[in-house]
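> Any chance you could fold what I've pasted below:
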Amino acid sequence: MTYRLEPLADHDLGKFTCGNDTLDDWLHRHAHTATGHGTRTYVLVGENSEVVGYVAIAPHHIVRTEVPPRIARGASERIPAILLAKLALDASLHGHGLGSELLVRALETILDAARLAGGRLVVVDAVDEAAIAFYTHHDFQPVPGHTHRLVMKLSTAAKALGQDWP
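Got it, this is the predicted structure:
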């Protein structure tokens, strides 16, 4: 099946469930409002336009002292970043590699945004231990002292996707 990532508009979100009540609730109740506050939500839709996943991204910054030294090298006190605020896949599709595909598409979108607006890192706050394992599997680095926060250099994301940076 072919999937496409597109900005949230008038999509039917009612059937979406990823198995995490917090992520489901955010999409159903807050995603449209969040857009007016600077967050951008993109939905993964199938051939029949059914929503099977979503990501939300927002401008962000992280304090230099909060990230591992190898990532902070050469950065100013506040490092411009893009927050991968949400990433969820419909529970019916778990275990088929689509979570990784959704992450790739999210990173492509983040790289496009960073090329226009700037940035150095992708920041994610993982919702649970399984999410931490997922992100570390995809080269995100844990932030010392912040159990669920992980970061990745945008240059690392670009390299993994076979893109030039910047």
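> Now do stretch 57-64: distance to the chain's middle.
Distance, stretch centre to chain centre, for stretch 57-64: 12 Å (CA atoms, centre = their mean, to the nearest Å).
> Quick check: buried residues in it?
57-62, 64 (16 or more other CB atoms under 10 Å). Using the backbone N, CA and C atoms, a C-beta is placed for each residue, glycine as well.
> Of all pairs in those residues, which one spans the longest distance?
Greatest spatial distance in the buried residues of stretch 57-64: 57 and 64, 21.5 Å, computed using CB to CB.
> for the chain, longest helix please?
helix 98-117 (DSSP state H).
> State the mean pLDDT of the helix or strand just after it.
Next helix or strand after helix 98-117 toward the C-terminus (DSSP states H and E): strand 121-125. For strand 121-125, the mean pLDDT works out to 96.
> Then stretch 159-166?
pLDDT averaged over stretch 159-166 gives 92.
> end to end, how far does it reach?
One end of stretch 159-166 sits 11 Å from the other (CA to CA, to the nearest Å).
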